[in-house]
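Asks: Make a model of this:
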Amino acid sequence: MIKWPRSLATLAVVLGASCAQEEPRACQPPRADWQDPPITSASVVEPPPFNRITITSDSRIRWNGLAVSDEQLRTFLKKARDYPEYDVVLTPEMGLACSTLERVRDEMQTTLGCKKGSSRCVESATAQ
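Replies: Numbers count the residues shown, from 1 in each chain. Below is the predicted model:
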């Protein structure tokens, strides 16, 4: 049987305890004043027009599938503001940085003026 020095055993306990303190993996839920995704049915022939913002698991932002910078996202949102018939749907993937999600939500809120009842901001279920 190996006898470990007391200081080494104490260090192992301290290191083990620090590993258990992980940051929460879940981001905040969608904002209450945004609308829920539309429920589709067999009677709907064509879904309503929309633009999709996807935030990938590595926190990259995409606008309708195209990778965009924060500045490009701002430009697209300003253009989308001129087309009220188009909703903007935010789809976050699991594992993304919550700070990126909040930054995009803030930009959508500010630029599009999202409000309950007249909101153009939609957050769909998290993409897998």
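
Asks: quick one, strands of this protein?
Replies: 50-55, 61-63, 66-68, 87-92, 121-123 (DSSP state E).

Asks: Put together a markdown table for the ones you listed, with distance to residue 101 on each row.
Replies: Glycine gets a C-beta too; all of them are placed from N, C-alpha and C. Output for these, formatted as a markdown table (distance: least, Cβ to Cβ, whole Å):
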| stretch | distance to residue 101 |
| --- | --- |
| strand 50-55 | 6 |
| strand 61-63 | 10 |
| strand 66-68 | 15 |
| strand 87-92 | 5 |
| strand 121-123 | 9 |
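
Asks: Quick one: closest of these to residue 100.
Replies: strand 50-55 (5.8 Å; Cβ to Cβ).

Asks: what angle sits between the closest one and strand 87-92?
Replies: With axes from the mean of the first three to the mean of the last three Cα atoms, to 10 degrees defining the directions, strand 50-55 sits at 20 degrees from strand 87-92.

Asks: returning to what we had before: I'd like the strands of the chain written out as CSV, with mean neighbour count, distance to residue 78 and mean pLDDT added.
Replies: Below are these laid out as CSV (neighbours: other Cβ atoms under 10 Å; distance: least, Cβ to Cβ, whole Å; pLDDT from 0 to 100):
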stretch, mean neighbour count, distance to residue 78, mean pLDDT
strand 50-55, 20, 12, 94
strand 61-63, 18, 12, 97
strand 66-68, 12, 13, 96
strand 87-92, 21, 12, 93
strand 121-123, 22, 14, 89
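
Asks: what about those strands, which gets the closest to residue 35?
Replies: strand 121-123 (5.4 Å).

Asks: quick one: least confident helix or strand in the chain?
Replies: When the helices and strands of the chain are scored by mean pLDDT, DSSP states H and E, helix 6-19 comes last with a mean of 43.
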